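Peer 1: Provide a 3D model corresponding to the input given below.
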Amino acid sequence: MVDISSKLKGKVVSITGASGYIGSALTQELEKYSLKIIRISRKQLTPKDGIEDWVLDLNKKSSWMRIVSKSDIIFHLSGNTSIYNAEKDPKESLISTIFPIIQLINASKKLSRIPRVIFSSTATVYGLTEALPVLDTKQPNPITTYDLHKFFAEQQLLMASSSNIINAISLRLANVYGPSPTESLAKDRGILSMITKRSFALNNLQIYGNGDYLRDYIYIDDVVNAFLHTSVMDYDILLNKKQITLNVASGKGTSVKEVFDLISHEVEKITGIRGNIEYVAWPEEINEIEKRNYIASIELIKSLTEWKPSVSLEKGIQLLVKHYSKEGIGNEVS
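Peer 2: Residues are numbered from 1 along each chain as shown. The predicted model follows:
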């Protein structure tokens with residue numbers, strides 16, 4: 001078994017996008033280890049004992065010179081997280097996704113320092129997949145601006161890693177759900193949290209189409225654990241395989257209507273009332289990526305790191321519903 005605690009001991013760990021959904025959960029977990037945490041954000045964060053906070057513009061080389069000079073491990077989670085925001089403002093999406101990585105690579109060259117970089121990518125870079133489960137080695141076929149930019153970022157990291165400038169790993173995350181200290185601000189993220197709050201508010205739940213399309217749901221604690229495992233793994237194995245992208249998922253497919261039913265059932269146990277589920281037509285403006293079927297193969301990350309998901313979808317939904325029942329969610333959700 002991998003001893004993550006001993007491998008992280010004494011390390012300096014930086015987290016970009018530390019105030020976000022995954023970043024805040026990752027920070028919370030890292031506080032359990034004997035290491036130094038640097039949270040990096042565009043705005044001042046609420047101070048926490050034992051954590052250093054830096055307010056930086058990640059498009060500037062000077063910011064990355066500071067980060068790289070101090071960090072053993074960099075969890076790079078910042079940037080645009082919304083498919084629809086990327087379509088509305090492609091330039092901003094490109095800048096927020098690509099420029100920081102260019103500056104990271106330039107800083108590493110300048111300092112001759114090779115940090116471990118864990119990049120938060122997405123499973124949607126594969127596009128509309130037919131053969132399931134999807135292997136890590138499948139050639140991406142992005143159909144959105146957001147996914148195209150994520151793929152560009154992965155390729156930049158691969159080139160820099162192959163040249164021994166950095167040691168990067170891109171984690172292609174499936175549908176992440178579960179409670180975190182910070183909720184996602186993007187309207188097309190955190191769907192299960194949104195549905196849970198609507199259920200408690202006794203609002204009708206709407207499913208687009210017939211709800212038969214498959215998703216691979218992964219609980220946030222398992223995602224955080226994948227970040228930790230890959231941050232300490234043997235990097236030479238990846239380089240030998242010329243494969244620095246890894247799927248992070250449950251490896252199981254569940255239809256959208258099934259997961260809505262699970263949430264509705266768990267909320268009913270608490271409220272005594274079961275909400276209605278309506279099937280409605282797809283909106284005209286919906287992106288085709290929303291209609292995909294996706295199940296990931298997770299055999300590679302399991303074999304390389306000993307990581308594996310530990311929270312079943314049923315248990316995860318129970319934890320999610322329990323979290324929001326304590327929040328006192330009510331009629332404020334519309």
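
Peer 1: Now do the helices in the chain.
Peer 2: For the chain, the helices defined by DSSP state H occupy 4-8, 21-30, 61-70, 83-88, 90-111, 145-162, 191-200, 220-231, 235-241, 256-271, 299-305, 313-326.

Peer 1: How many neighbouring residues does residue 207 have?
Peer 2: 18 (other Cβ atoms under 10 Å). Just so you know, the C-beta spots here come from the backbone N, C-alpha and C atoms, and that holds for glycine as well.

Peer 1: and it, bridged to which residues?
Peer 2: Under DSSP bridges, the beta-bridge partners of residue 207 are residue 279.

Peer 1: any idea how far it lies from residue 277?
Peer 2: Between residue 207 and residue 277 the distance, using Cβ to Cβ, to the nearest Å, works out to 6 Å.

Peer 1: picking up where we left off before, okay, the helices of the chain in JSON lines with mean neighbour count next?
Peer 2: Listed next are these as JSON lines, based on neighbours: other Cβ atoms under 10 Å:
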{"stretch": "helix 4-8", "mean neighbour count": "15"}
{"stretch": "helix 21-30", "mean neighbour count": "22"}
{"stretch": "helix 61-70", "mean neighbour count": "18"}
{"stretch": "helix 83-88", "mean neighbour count": "17"}
{"stretch": "helix 90-111", "mean neighbour count": "18"}
{"stretch": "helix 145-162", "mean neighbour count": "20"}
{"stretch": "helix 191-200", "mean neighbour count": "22"}
{"stretch": "helix 220-231", "mean neighbour count": "22"}
{"stretch": "helix 235-241", "mean neighbour count": "13"}
{"stretch": "helix 256-271", "mean neighbour count": "18"}
{"stretch": "helix 299-305", "mean neighbour count": "17"}
{"stretch": "helix 313-326", "mean neighbour count": "17"}
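
Peer 1: Out of those, flag the one nearest residue 132.
Peer 2: Taking Cβ to Cβ as the criterion, helix 299-305 is the member of these that comes nearest to residue 132, at 13.7 Å.

Peer 1: what sits against the closest residue in space to residue 275 that isn't next to it in sequence?
Peer 2: Using Cβ to Cβ, 6 or more residues apart in numbering and skipping the chain neighbours, the partner closest in space to residue 275 is residue 199 (5.0 Å). Shown in contact with residue 199 (Cβ atoms under 8 Å, 6 or more residues apart in numbering): 205, 263, 264, 267, 275, 321.

Peer 1: just those now: which is nearest residue 178?
Peer 2: Of all the contacts of residue 199, residue 321 has the smallest distance to residue 178: 10.8 Å, by Cβ to Cβ.

Peer 1: shouldn't the closest one be in contact with residue 263?
Peer 2: Yes: the pair residue 321 and residue 263 passes the contact test of Cβ atoms under 8 Å, sitting 6.6 Å apart.

Peer 1: hey, what's in contact with both of those two?
Peer 2: By Cβ under 8 Å, 6+ apart, residue 321 and residue 263 have these common neighbours: 196, 199.

Peer 1: which residues does residue 121 form a beta bridge with?
Peer 2: Judged by DSSP bridges, the bridge partners of residue 121 are residue 172.
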